[in-house]
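K.L.:
got a structure for you, letters missing:
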């Protein structure tokens, strides 16, 4: 039987003593956590181990003896170590020995009880696996497959050999509190013996975070109380609030800030990572927003922007007018129905005329409005981008109106055509049975139906052309808004803290381990070095991405084409909550 | 003890297989691929530069030449970091020093087999590890192919296969006895 002994690299140069750790019988492996030095009183050792067992729910016990002979090997020490096996009964009993600061190791594991099978030897072969205790303590193992038996055994040490080792080290923090330099009754050697690193800034930040969190939490609760008051539930404001993406983004940020500033501690590592990622995302957002703010307000760029805005809106309106004149003539050589063409064209031209007058009315106030809007960038780049998207939506409102008119007309025409086509063939839609049934019509019904069908059919090209043109314009605007939303989503959901951790401290996010075989001589036990295999970047992003607003188009391309063909209105983004129809 | 033999991969390039025997339950196989050949590197660089010079005579813009240098350097770096393999065990080490490892616990290994597959216009053999399914005791949850980048031929694979089956048998024998 091969026995695996996990030995911490920090104890390799420690003095002789007892091995303290946990025995995992299913993988026949012993995880050594610390070395207990002489002199000690067995009663106190047993008390300490019982305390640690109770506090950490890990079955810590004395596993064997460790002998590091700096000078010539001593006979008396050997006999003393053997007698310790009687004081601390453990099955199997490990004896690790390192000679004279060299690379000569010897390991033995004995079982006291006689083996039942006649051929099996009383001694087992031992394989030594060295591990870096500090890295294993801090790291978090991400197993590739989701275990289906997650419910069972979640409270005690988890199944899986590797997970057991990581789990044992992580939960034995209680054992690492006392050190060999302490004045206590028991002297232990573990990763803290090499020197504890601490940063005074980190400690100060931890002390200060409590009161700061309380202050921020109270401020945020005040803000959310104000925003939840009755005024905002009334019809115009609630409608606007659900349609504007700026309000969505502000709400999202408010939720995230409330999560960060809550005084409850994170229950598991995933929640902690999520909090840290949220903080990093908010900080990046605000930093980018401040950069944008300084760029906008320097060298009076806002003035230039405001001066350019009204001519641009005028230019767009003029281009639309030219387009309509083109449609009212013979567009692309197609022959339109003159009367309908003139009616629709004049209707839309009047709309554009109204729009231009409104823009000219607003032009003196544009600079002030832009200046105040620019200030909102200090809340974050995402807020500024959402505002930009909303401004584009407001400025192209006339295109949206034209699209709705064209779509409704077209939809009406298509439905009329399909119903009259059924009449033409002598059939009827049965609303009760939700199917097409045959029906006998009177002569006058048939006559009028056929007339109307012919009229609608010959007017179809005109309406279809107007619908096509305005749908394309609308899709262009939707595409631009979509790009902006994509960028906002990216900033919202990127897990920056996790990516930074993977870059700077790759052992914290572990996908697994890798082994390296150390110098091997025949007859000596096999020695392996266990190193942590970090998680690839794609899995880091996938596991830790923050939940975003979720403004993705809900229907597939096929459904979209079907809606376009039948003239149904398309709403590219359902705002979160889906309260409106 | 260590042992080295040379084989060839599916494209005809030379591979060296190193076998190290540590204990009855531990063995290591390492496939080393040949280095970057100077001939192919020179050929690619010359082609890119000639194309850039041709474009330059057409467009009279010297940015094209600097862009070609930049692209060649970036392409070479990318190739060394992501494509060119130096050595392969369960860890692939790339020519630029990057290493990517897959680790599978012995308890999860059900069996090691040699499979046949159609790869582009060839039929090749590859070694793969079958993993146990936690839910179904006789099922297989995943098939993990090994030596993906080195792609050795059948003779090399049979050597590795025989040794691995020996270890699996030894493992089963020691786990059933108390």
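P.N.:
Good, I have the coordinates. Given the structure is predicted, the values throughout are model-derived calculations rather than measurements. Numbers count the residues shown, from 1 in each chain, chains lettered A, B, ... in the order given.
K.L.:
Low-confidence regions, chain A specifically.
P.N.:
A:1, A:70-78, A:81, A:100-103, A:112-124, A:144-160, A:180-185, A:194-197, A:549-554, A:572-581 (pLDDT under 70).
K.L.:
let's see it at 50
P.N.:
A:114-122, A:146-159, A:575-581 (pLDDT under 50).
K.L.:
quick one, domains of it?
P.N.:
A:3-189, A:294-494+A:546-566 (the TED database).
K.L.:
Of these, which is nearest residue B:90?
P.N.:
With CB to CB, the closest approach to residue B:90 among these belongs to domain A:3-189: 14.4 Å. The C-beta positions use only the backbone N, C-alpha and C, and glycine is treated the same way.
K.L.:
now the domains of chain A as TSV including distance to chain B and mean neighbour count?
P.N.:
As requested, the domains of chain A are exported to TSV (distance: least, CB to the nearest CB, whole Å; neighbours: other CB atoms under 10 Å in any protein chain shown):
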stretch	distance to chain B	mean neighbour count
domain A:3-189	6	17
domain A:294-494+A:546-566	23	15
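K.L.:
can you tell which of those is closest to residue A:218?
P.N.:
Closest among these, using CB to CB: domain A:294-494+A:546-566, at 19.5 Å.
K.L.:
The most centrally placed residue in chain B is in what secondary structure piece?
P.N.:
In chain B, the centroid-proximal residue (CA atoms, centre = their mean) is residue B:149; its distance is 2.6 Å. Under DSSP states H and E, no helix or strand contains residue B:149.
K.L.:
I'd guessed it sits against residue B:86; true?
P.N.:
No - taking CB atoms under 8 Å as the definition, residue B:149 is not a contact partner of residue B:86, at 9.9 Å.
K.L.:
how about residue 130, secondary structure?
P.N.:
In the absence of a named chain, chain A is used. strand (DSSP: H, G, I helix; E, B strand; the rest coil).
K.L.:
should've been chain B
P.N.:
Strictly by three-state DSSP, residue B:130 counts as strand.
K.L.:
and it, how many residues sit next to it?
P.N.:
Counted by other CB atoms under 10 Å in any protein chain shown, the residues lying close to residue B:130 total 17.
K.L.:
Equivalent analysis for residue A:198, please.
P.N.:
Look at residue A:198: counted by other CB under 10 Å, it has 7 neighbours.
K.L.:
Tell me who's in contact with residue A:385.
P.N.:
Shown in contact with residue A:385 (CB atoms under 8 Å, 6 or more residues apart in numbering or on different chains): A:484, A:487, A:488.
K.L.:
what about the last one, helix or strand, and which?
P.N.:
Okay, so that is residue A:488. helix A:443-493.
K.L.:
in the following helix or strand past that helix, what counts as buried?
P.N.:
Sequence order places helix A:496-504 as the next helix or strand after helix A:443-493, per DSSP H and E. Using 16 or more other CB atoms under 10 Å in any protein chain shown as the test for burial, helix A:496-504 gives A:496, A:497, A:498, A:499, A:501, A:502.
K.L.:
And the residues you listed, which is closest to chain B?
P.N.:
residue A:502 (14.1 Å; CB to the nearest CB).
K.L.:
Can you give me the distance of the closest residue in space to the closest one that isn't next to it in sequence to residue B:81?
P.N.:
Excluding the flanking residues, the one nearest residue A:502 by CB to CB, 6 or more residues apart in numbering or on different chains is residue A:540, at 5.1 Å. Going from residue A:540 to residue B:81 by CB to CB, to the nearest Å gives 19 Å.
K.L.:
neighbour-wise, which of those two wins?
P.N.:
Shown here are residue A:540 and residue B:81; by other CB under 10 Å, residue A:540 has more neighbours (21 against 13).
K.L.:
That one falls within a strand, correct?
P.N.:
No - with three-state DSSP as the criterion, residue A:540 is located in helix rather than a strand.
K.L.:
which residues touch it?
P.N.:
Counting by CB under 8 Å, 6+ apart, residue A:540 has contacts A:495, A:498, A:499, A:502, A:509.
K.L.:
As JSON lines, these with distance to residue A:530 would be great.
P.N.:
Shown next, in JSON lines, are these (distance: CB to CB, whole Å):
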{"residue": "A:495", "distance to residue A:530": "27"}
{"residue": "A:498", "distance to residue A:530": "24"}
{"residue": "A:499", "distance to residue A:530": "25"}
{"residue": "A:502", "distance to residue A:530": "20"}
{"residue": "A:509", "distance to residue A:530": "17"}
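K.L.:
And the strands in chain B, which stretches?
P.N.:
B:2-8, B:14-23, B:26-32, B:85-88, B:91-94, B:99-101, B:109-119, B:122-132, B:140-145 (DSSP state E).
K.L.:
strand partners of the first one, parallel vs antiparallel please.
P.N.:
Looking at strand B:2-8 with DSSP bridges, its paired strands and their directions are strand B:14-23 (antiparallel).
K.L.:
by how many degrees do the strand it pairs with and strand B:26-32 diverge?
P.N.:
For strand B:14-23 against strand B:26-32, the angle by axes from the mean of the first three to the mean of the last three CA atoms, to 10 degrees is 170 degrees.
K.L.:
can you pull the buried residues of strand B:14-23?
P.N.:
Quick answer for strand B:14-23 (16+ other CB under 10 Å): B:15, B:17, B:19, B:22.
K.L.:
Enumerate every residue touching the second one.
P.N.:
Pointing back at residue B:17 there. Contacts of residue B:17 by CB under 8 Å, 6+ apart are B:4, B:5, B:6, B:7, B:29, B:30, B:31, B:152, B:156, B:159, B:160.
K.L.:
Give me the buried subset of these.
P.N.:
Here, 16+ other CB under 10 Å leaves B:7, B:29, B:30, B:31, B:152, B:156, B:159, B:160 buried among the contacts of residue B:17.
K.L.:
where's the closest residue in space to the third one that isn't next to it in sequence relative to residue A:517, distance?
P.N.:
Yep, that's residue B:30 we're talking about. In this structure, residue B:30 finds its nearest non-sequential neighbour in residue B:18, 4.4 Å apart by CB to CB, 6+ apart. Distance, residue B:18 to residue A:517, by CB to CB: 12 Å.
K.L.:
Could you tell me which residues touch both of these two?
P.N.:
With CB under 8 Å, 6+ apart, residue B:18 and residue A:517 have common neighbours residue B:28.
K.L.:
quick one on the thing from earlier: quick check on the residue nearest to the centre of chain B: phi, psi?
P.N.:
When quoted as degrees, to the nearest 10, the phi and psi of residue B:149 stand at phi -90, psi -30.
K.L.:
partner residues bridging the nearest residue to it once chain neighbours are set aside?
P.N.:
The shortest distance from residue B:149 to any non-neighbouring residue, by CB to CB, 6+ apart, is to residue B:85 (4.2 Å). With DSSP bridges as the criterion, residue B:85 is bridged to residue B:94.
K.L.:
Tell me, how many residues neighbour residue B:85?
P.N.:
17.
K.L.:
Over to residue B:51?
P.N.:
12.
K.L.:
got a list of what it touches?
P.N.:
residue B:68.
K.L.:
quick one: it from residue A:63, how far?
P.N.:
In terms of CB to CB, residue B:51 sits 67 Å off from residue A:63.
K.L.:
circling back to that earlier point, so of the contacts of residue A:540, which two are at opposite extremes in space?
P.N.:
A:495 and A:509 (10.8 Å).
K.L.:
buried sites along stretch B:105-112?
P.N.:
B:108, B:109, B:110, B:112.
K.L.:
and which of these is nearest to chain A?
P.N.:
Using CB to the nearest CB, the buried residues of stretch B:105-112 come closest to chain A at residue B:108, 8.6 Å.
K.L.:
wait, the closest one sits on residue B:130?
P.N.:
No - the pair residue B:108 / residue B:130 is not scored as a contact, 9.6 Å apart, by CB under 8 Å.
K.L.:
any weak-confidence spans in chain B?
P.N.:
Short version for chain B, where the test is pLDDT under 50: B:178.
K.L.:
ok, which residues in it are in contact with chain A?
P.N.:
Residues of chain B lying close to chain A by CB under 8 Å from any CB of the partner chain are B:1, B:20, B:22-23, B:25-26, B:28, B:90-91, B:100-103, B:105, B:107, B:134-135, B:141-142, B:174, B:177-178.
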